[in-house]
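> sequence-free structure coming up:
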């Protein structure tokens with residue numbers, strides 16, 4: 001049973017997340033041969049103040 005975790009910044013709407021889950025599932029089925037029913041996708045959304053690049057939080061950039 002393949003498990004996929006997608007970590008991304010918050011802000012996508014429900015339609016975007018629905019499409020993401022469908023396409024990730026399709027890719028896993030195509031590449032691993034797993035059945036759709038066995039593919040599990042987790043979406044972990046982070047606020048910009050919980051994500052930093054180069055020592056600066058994204059929320060601190062204007």
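Looks like it came in fine. All values derive from a computational prediction rather than experimental measurement. Numbering: from 1, shown residues only.
> Can you report how many residues neighbour the closest residue to residue 58 other than its chain neighbours?
Spatial nearest neighbour of residue 58, excluding adjacent residues (Cβ to Cβ, 6 or more residues apart in numbering): residue 48 at 4.1 Å. (C-beta placed from N, C-alpha, C; glycine too.) Residue 48: 14 surrounding residues under other Cβ atoms under 10 Å.
> mind pulling up the phi and psi values for residue 48?
phi -60, psi -20 (degrees, to the nearest 10).
> My guess is it contacts residue 59. True?
Yes: between residue 48 and residue 59 there is a contact at 3.9 Å, judged by Cβ atoms under 8 Å.
> Mind jotting down where the helices sit in the chain?
14-32 (DSSP state H).
> so where's it shaky on pLDDT?
When residues are selected by pLDDT under 70, those of the chain lie in 62.
> quick one: the residue nearest to residue 58 from residue 57, how far?
Residue 48 is 7 Å from residue 57, where distance means Cβ to Cβ, to the nearest Å.
> and what of residue 4?
Residue 4 is 26 Å from residue 57, by Cβ to Cβ.
> before we move on, what about residue 41?
27 Å.
> More neighbours: these two, which one.
Shown here are residue 41 and residue 57; by other Cβ under 10 Å, residue 41 has more neighbours (17 against 13).
> May I have the beta-bridge partners of that one?
residue 4 (DSSP bridges).
> you'd agree it is up against residue 26?
No: using Cβ under 8 Å, residue 41 is not in contact with residue 26, being 10.8 Å away.
> I'd guessed residue 2 sits against residue 36; true?
No: contact between residue 2 and residue 36 fails when scored by Cβ under 8 Å: they sit 10.6 Å apart.
> Enumerate every residue touching the residue nearest to residue 58.
By Cβ atoms under 8 Å, 6 or more residues apart in numbering, the residues touching residue 48 are 9-10, 57-59.
> Having no further points to raise, I will conclude here.
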